[in-house]
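> structure, please.
(one chain, ligands or ions: 1)
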Amino acid sequence: MMYRNIFDTHAHYDDERFNEDRTELLSSLFRGSVSGIINCGCDLKSSLKTVELTEKHSLVYGAVGVHPHEAEKATAEDLKQIKELYKNDKIVAVGEIGLDYFYDFSPRERQIEIFREQIITANELGLPVIIHDRDAHEDTMNILKELKPKGVVHCFSGSAEMAKEILKLGLYIGIGGAVTFKNARKPVEVVEILPLDRLLLETDAPYMTPVPFRGKRCDSSHIAYTAEKIAEIKGIGVQELINKATENTKTLFNI
Ligand code: NI
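Next comes the predicted model:
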């Protein structure tokens, strides 16, 4: 199994779990199957690290923004500084942003406020958004319907019915390692109805490692296993699926 042209649309290589081998790992991924990565910031600090990664590695692009977990801690000054980073050509999206009512690490009103504010910024700048939605489907959908950003719902965890609503809004859907899990029912149903021109591949590295490496640290090369599963569901070739997802990525993020 050796694929090429894998584009990981969602990873966190600024995470401390990559401190020991970050540069070597990224270099080896780009010598192998991976042709691009979007690193996603979650607050000002990780957004600045994301910019550093894009400067160091020509095939690393970035999304910067405030994650719902960090919504409470983020100050107006943080948001102002993050806004400056969108001037950088290699910052291709606003993210990751959204709502998380599973952990509720920040009060919901603040999550909603900062989510809306960042979508409005993205719309003003003509940038796509990378959306995190965990157990907050109703509020997420209402905000997306109202503000109509372009972008992707990452690590999509909703039903096939909700996926159809998202597709109607012109958004893409990110599929990660969860589709390979033994108990995966909803992600498989979502892939079944998902048109190939709206599908993006992602890891959420170092998390969400696909089977057979579940529990280990995830990196972008593991997308091969996610792609194999999706290709099997769709009844198409794995490399063909990877190429289509990479083409979608370049279209959405204007790369
Ligand atoms: Ni993430």
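
> please count neighbours and contacts with C-alpha atoms only from this point.
Noted.

> for the chain, longest strand please?
strand 91-100 (DSSP state E).

> what's that one in contact with?
40-42, 51, 61-69, 85-86, 108, 111-112, 115, 118-119, 122, 127-136, 140, 253-255 (Cα atoms under 8 Å, 6 or more residues apart in numbering).

> buried only: go through these for me.
40-42, 51, 61-69, 85-86, 108, 111-112, 115, 118-119, 122, 127-136, 140, 253 (16 or more other Cα atoms under 10 Å).

> quick one: the strands in this protein?
6-11, 34-40, 60-64, 91-100, 129-134, 151-153, 172-175, 199-201.

> which of these sits closest to residue 80?
Ranking the strands of the chain by proximity to residue 80 (Cα to Cα) places strand 60-64 first, at 11.9 Å.

> off-centre distance for the closest one?
10 Å (Cα atoms, centre = their mean, to the nearest Å).

> quick one: average pLDDT of that strand?
For strand 60-64, the mean per-residue pLDDT is 98.

> list the strands paired with it, with their directions.
Using DSSP bridges, the strands paired with strand 60-64 in its sheet are strand 34-40 (parallel), strand 91-100 (parallel).

> which helices and strands does the longest helix that the chain contains pack with?
Under DSSP state H, the helix in the chain containing the largest number of residues is helix 108-125. Contacting helix 108-125 under the criterion 3 or more Cα pairs under 8 Å, 6 or more residues apart in numbering; DSSP states H and E are the following elements: strand 91-100, helix 137-147.

> let me have these in a markdown table, extended by distance to residue 218.
Shown next, in a markdown table, are these (distance: least, Cα to Cα, whole Å):
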| stretch | distance to residue 218 |
| --- | --- |
| strand 91-100 | 18 |
| helix 137-147 | 26 |
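
> which of these is buried the deepest?
Stretch with highest mean neighbour count among the helices and strands packed on helix 108-125: strand 91-100 (a mean of 27; mean count of other Cα atoms under 10 Å).

> restricting to C-alpha, output that strand in CSV.
Only the C-alpha atoms of strand 91-100 are listed here, as CSV (Å, rounded to 0.1, in the frame of the first residue of the first chain):
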residue,chain,number,x,y,z
ILE,A,91,-3.1,31.1,6.0
VAL,A,92,-6.0,29.7,4.0
ALA,A,93,-8.9,29.5,6.4
VAL,A,94,-10.5,30.7,9.7
GLY,A,95,-10.3,27.8,12.1
GLU,A,96,-10.8,25.9,14.0
ILE,A,97,-13.9,27.5,15.2
GLY,A,98,-17.3,26.3,16.4
LEU,A,99,-19.3,25.0,19.3
ASP,A,100,-18.6,22.1,21.7
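
> now the angle between helix 108-125 and that strand, please.
160 degrees (axes from the mean of the first three to the mean of the last three Cα atoms, to 10 degrees).

> pLDDT averaged over strand 91-100 - what is it?
97.

> pLDDT weak spots in this structure?
1 (pLDDT under 70).

> so what's the backbone phi/psi at the closest residue to residue 123 other than its chain neighbours?
Computed as Cα to Cα, 6 or more residues apart in numbering, the closest residue to residue 123 that is not its neighbour in sequence is residue 149, at 6.1 Å. For residue 149, the backbone dihedrals are phi -70, psi 170 (criterion: degrees, to the nearest 10).

> contacting residues for residue 149?
By Cα under 8 Å, 6+ apart, the contact set of residue 149 is 119, 122-123, 128-129.

> now those in CSV, with distance to residue 32?
Formatted as CSV, those follow (distance: Cα to Cα, whole Å):
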residue, distance to residue 32
119, 35
122, 33
123, 35
128, 28
129, 28
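
> look up how far residue 161 lies from residue 185.
From residue 185 across to residue 161, the span is 13 Å (Cα to Cα, to the nearest Å).
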